[in-house]
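Enquirer: Just need the structure, nothing else, for what follows:
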Amino acid sequence: MNEIFWSDGFITGVKLIDEQHFSFISALLQLYQYDDKVLLSKLYELQNQIYDELKAHFSYEETLMRQHQYFGFYSHKMEHERFLNKFYKYFNSVAFHSPSEAKEFLKSMFHWFQNHLVINDLKLTDYLHSINKNENKI
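Expert: The predicted structure is shown next:
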């Protein structure tokens, strides 16, 4: 079994969030499956795209939180900021010396996603569903 994978358990029921989560996991999985000879160059090639997609995703979630006066907005936003800062700093200060280091980094990103989804995103989307039971606004 792959150490990076998509699971239906990641589905929140908020279409755009689910699409963005799927895109992120797909990018990690694609990178993880590259041959060791091309992994490092592909990782550096795609780092800005992944960073930009993460920023857009986090911005979308934060917009939803503000629009719906989500009680966990500040802590959720701080999680996003910490992750983006770590991602950015890691790529700008650390050179991967081997494909195995790069794969460990990709796995750590995936594990962060899993934890963040369970601890933060599912609470957010449950809240959004609860306030929009009779409306299909999200």
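Enquirer: Going by C-alpha atoms from here, please, whenever you check contacts or count neighbours.
Expert: Noted.
Enquirer: What are the boundaries of the helices in this structure?
Expert: 15-32, 36-67, 73-93, 99-116, 122-131 (DSSP state H).
Enquirer: Dump the shortest one to CSV, restricted to CA.
Expert: In other words, helix 122-131. Taking Å, rounded to 0.1, in the frame of the first residue of the first chain, the C-alpha atoms of helix 122-131 are listed here in CSV:
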residue,chain,number,x,y,z
LEU,A,122,-14.1,18.1,9.4
LYS,A,123,-15.2,20.4,12.3
LEU,A,124,-15.4,23.3,9.9
THR,A,125,-17.4,21.4,7.3
ASP,A,126,-19.7,19.8,10.0
TYR,A,127,-20.4,23.4,11.2
LEU,A,128,-21.1,24.6,7.6
HIS,A,129,-23.4,21.6,7.0
SER,A,130,-25.3,22.3,10.3
ILE,A,131,-26.0,25.9,9.4
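Enquirer: Touching the helix or strand bottoming out on mean pLDDT in the chain from outside, list them.
Expert: Within the chain, confidence by mean pLDDT, DSSP states H and E is lowest for helix 73-93 among all helices and strands, at a mean of 90. Here helix 73-93 makes contact (CA atoms under 8 Å, 6 or more residues apart in numbering) with 47, 51, 54-55, 58, 62, 65-66, 120.
Enquirer: okay, the angle between it and helix 99-116?
Expert: 180 degrees (axes from the mean of the first three to the mean of the last three CA atoms, to 10 degrees).
Enquirer: circling back to that earlier point, the helices of the chain into TSV, with extra columns for mean neighbour count and distance to Gly9?
Expert: Below are the helices of the chain laid out as TSV (neighbours: other CA atoms under 10 Å; distance: least, CA to CA, whole Å):
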stretch	mean neighbour count	distance to Gly9
helix 15-32	17	11
helix 36-67	15	19
helix 73-93	14	20
helix 99-116	16	10
helix 122-131	16	10
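Enquirer: Sweet, I'm off.
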